[in-house]
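> Compute the structure for the input listed below.
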Amino acid sequence: MTTGEDTEEIMTAAQPRQSSRRAGVGRGIPRGLRRDGPALFSYGFRPFFLGAGIFAPLAMALWIAALATGLPVGGDYGAVAWHGHEMLFGFGAAVLAGFLMTAIPNWTGKMPLSGRPLAALAGLWLAGRVAMLGAGWIGVTAAVAIDALFLPALLAACARELIAGGKWSELKVLGGVALITVANIGFHAEVLLTGAPGLAARAGVAGYALLVMIIGGRIVPSFTRNWLAARGETRLPVPFNRGDGISILLSLVALALWVFVPEGPVAVAAGLAGLAIVALRMARWRGAATWREPLLLVLHVAFGFVGLGFLAMAAGGAGLMPPAAAMHVMMVGGMAGMMLAVMTRATRGHTGRPLTATVRTTAAYACLFAAALARPAADLLGAPRLLEAAAALFIAAFLLCLSEYGPMLVRPRAPRAD
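You can find the predicted model right below:
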């Protein structure tokens, strides 16, 4: 697979196959709509994926500097709280926005947000990052107020487009976005009132995990099926069906139990149930058959880390793993892993590049998953050097990605090689 129809694959596969046929969106919609302005604001994935690619290594470097030198990152908000917030609601929200601003036009068949409206939305995200970083100068209250603007604006924009396009069945995706929006406000409230976020941080992680279970559970088998079928395979993954819907509901229950009861037998049972659900879904997707194409294999690995995240939650509930270590398995391996996978695949497809991983892309994947293992190991083994190694690997992953995909995001779409 190279270009043509595959440029729409990353987004159209995120909805049920039958709804795509009804809406006729499988044909896709024009790319590069804003030809009178910079290419960066011609489509939703461009500014947000670029912003995420720049911000992820920068924020991690600042966090390590705060640990090593006492750099007052975030001012009175606190460096620990700033780090957790910016990874969840800064970096994570940017990738989420880039995906939704590109996927929803394909679901609805309507023209996408572009030009000045897109620049304004991206500006809100950037204002939040600057405000949170400068909380020591403008005050925590002002920083929180500025940061709190972006996610509600994103939610409103997405809801408006889905409702205008009559895609009522896709509003469930916004349930995860709404959970993340509420969790962001709750995170700020907990920091201001208690100095240490707990429930809201878990709710934010749960919101992203739920979206991976919904959207990842559609695109992973769909992409795998297309790739295997193109190579003459007859044993294909089971497509998204009612069983997956039931699995998502059960996963939601497991995540909710962990959010409200993160310790004890309930958390252990919820984590093990989530692991079983992920394992059963992945067993039907033939992930091992994709080892020749890292751009596809990475999706399976990232989804597998969601299962490991559930296992870590169970271990944390049993007191076998520190809570922070348990959350990082899901956040780095599952959340950031799936985000990096989608960023690279969507950028290649929507800018007219072949859907195959380069050596640099593969190295970025390897660095990120190594970081996902090193970070909890640092807590389990009490090894500060592993913590530094995890941060260095995370930074390397996104710098590698940025060096390859940054130019693609700011330049016009490559000519189609038909």
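
> can you pull the contacts of Arg360?
Contacts for Arg360 were tallied using CB atoms under 8 Å, 6 or more residues apart in numbering; they are Leu400, Ser403, Glu404. The way it works is simple: take the backbone N, C-alpha and C, and place the C-beta from them, glycine included.

> who wins for neighbours among those?
For the contacts of Arg360, the largest neighbour count, defined by other CB atoms under 10 Å, is 24 neighbours, found at Leu400.

> tell me the mean pLDDT for the helix or strand harbouring that residue?
Here Leu400 sits within helix 384-410, counting by DSSP states H and E. The predicted model assigns helix 384-410 a mean pLDDT of 95.

> How far off centre is it?
With CA atoms, centre = their mean, to the nearest Å as the basis, the distance from the averaged C-alpha position of helix 384-410 to the chain average is 15 Å.

> Which other helices and strands does that helix contact?
Under the contact criterion of 3 or more CB pairs under 8 Å, 6 or more residues apart in numbering; DSSP states H and E, helix 384-410 touches helix 45-69, helix 337-350, helix 359-381.

> just to revisit the earlier point, distance to Leu296 added to the contacts of Arg360, as a markdown table?
Formatted as a markdown table, the entries for the contacts of Arg360 read as follows, by distance: CB to CB, whole Å:
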| residue | distance to Leu296 |
| --- | --- |
| Leu400 | 19 |
| Ser403 | 22 |
| Glu404 | 17 |
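
> Looking at those residues, spot the one nearest Phe49.
Glu404 (12.1 Å; CB to CB).

> Contacts only, for that closest one.
Thr358, Arg360, Thr361, Ala364.

> The third one: how many residues sit nearby?
Around Thr361 sit 22 other residues, with neighbours defined as other CB under 10 Å.

> where does it land on pLDDT?
Per-residue confidence at Thr361 stands at 98 (pLDDT).

> right, and it touches Leu296 too?
No. In this structure, Thr361 is not within contact of Leu296 by CB atoms under 8 Å, at 11.8 Å.

> which residue ranges form the helices in the stretch 201-350 of the chain?
Here the stretch 201-350 of the chain has its helices, by DSSP state H, counting those that start in this stretch, at 217-230, 242-260, 265-282, 294-317, 323-328, 337-350.

> Need the ones you listed in JSON lines (columns: mean pLDDT).
Formatted as JSON lines, the entries for the helices of the stretch 201-350 of the chain read as follows, by pLDDT from 0 to 100:
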{"stretch": "helix 217-230", "mean pLDDT": "94"}
{"stretch": "helix 242-260", "mean pLDDT": "95"}
{"stretch": "helix 265-282", "mean pLDDT": "96"}
{"stretch": "helix 294-317", "mean pLDDT": "96"}
{"stretch": "helix 323-328", "mean pLDDT": "87"}
{"stretch": "helix 337-350", "mean pLDDT": "96"}
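
> Format those as JSON lines; extra columns: mean neighbour count and distance to Leu211.
As requested, the helices of the stretch 201-350 of the chain are arranged in JSON lines below (neighbours: other CB atoms under 10 Å; distance: least, CB to CB, whole Å):
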{"stretch": "helix 217-230", "mean neighbour count": "20", "distance to Leu211": "10"}
{"stretch": "helix 242-260", "mean neighbour count": "18", "distance to Leu211": "10"}
{"stretch": "helix 265-282", "mean neighbour count": "20", "distance to Leu211": "14"}
{"stretch": "helix 294-317", "mean neighbour count": "24", "distance to Leu211": "11"}
{"stretch": "helix 323-328", "mean neighbour count": "22", "distance to Leu211": "16"}
{"stretch": "helix 337-350", "mean neighbour count": "26", "distance to Leu211": "9"}
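
> Would you mind saying which of those helices lies nearest Ala52?
Checking those against Ala52 by CB to CB gives helix 337-350 as the closest, at 7.0 Å.

> and the closest one, how far out from the chain's middle?
A distance of 10 Å separates the C-alpha centroid of helix 337-350 from that of its chain, computed with CA atoms, centre = their mean.

> helices or strands up against it?
Taking 3+ CB pairs under 8 Å, 6+ apart as the contact definition, the neighbouring helices and strands of helix 337-350 are helix 6-12, helix 45-69, helix 92-108, helix 294-317, helix 359-381, helix 384-410.

> Go again with 10 Å.
Under the contact criterion of 3 or more CB pairs under 10 Å, 6 or more residues apart in numbering; DSSP states H and E, helix 337-350 touches helix 6-12, helix 45-69, helix 92-108, helix 199-211, helix 217-230, helix 294-317, helix 359-381, helix 384-410.

> mind putting those helices in CSV, distance to Ala131 included?
Below are those laid out as CSV (distance: least, CB to CB, whole Å):
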stretch, distance to Ala131
helix 6-12, 31
helix 45-69, 13
helix 92-108, 14
helix 199-211, 18
helix 217-230, 33
helix 294-317, 30
helix 359-381, 27
helix 384-410, 22
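
> right, and these - which one's nearest Ala341?
Taking CB to CB as the measure, the helices and strands packed on helix 337-350 were each checked against Ala341, and helix 294-317 came out nearest at 4.4 Å.

> hmm, back to that, want to throw the helices of the stretch 201-350 of the chain into a markdown table with distance to Gly92?
Compiled in a markdown table, the helices of the stretch 201-350 of the chain are given as follows (distance: least, CB to CB, whole Å):
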| stretch | distance to Gly92 |
| --- | --- |
| helix 217-230 | 18 |
| helix 242-260 | 16 |
| helix 265-282 | 19 |
| helix 294-317 | 14 |
| helix 323-328 | 13 |
| helix 337-350 | 7 |
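
> mind checking which of these is nearest Glu190?
Glu190 lies closest to helix 242-260 among the helices of the stretch 201-350 of the chain, at 13.0 Å (CB to CB).

> Please save the CA atoms from that closest one in CSV.
Output in CSV follows, covering the C-alpha atoms of helix 242-260 (Å, rounded to 0.1, in the frame of the first residue of the first chain):
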residue,chain,number,x,y,z
ARG,A,242,-20.8,-6.4,18.5
GLY,A,243,-18.4,-8.4,20.6
ASP,A,244,-16.0,-5.5,20.5
GLY,A,245,-18.7,-3.2,21.6
ILE,A,246,-19.4,-5.4,24.6
SER,A,247,-15.6,-5.5,25.3
ILE,A,248,-15.4,-1.7,25.3
LEU,A,249,-18.3,-1.5,27.8
LEU,A,250,-16.6,-4.0,30.1
SER,A,251,-13.3,-2.1,29.7
LEU,A,252,-15.1,1.1,30.7
VAL,A,253,-16.4,-0.6,33.9
ALA,A,254,-12.9,-1.9,34.7
LEU,A,255,-11.4,1.5,34.2
ALA,A,256,-14.1,3.2,36.3
LEU,A,257,-13.5,0.8,39.2
TRP,A,258,-9.7,1.5,39.0
VAL,A,259,-10.3,5.3,38.9
PHE,A,260,-12.4,5.3,42.1
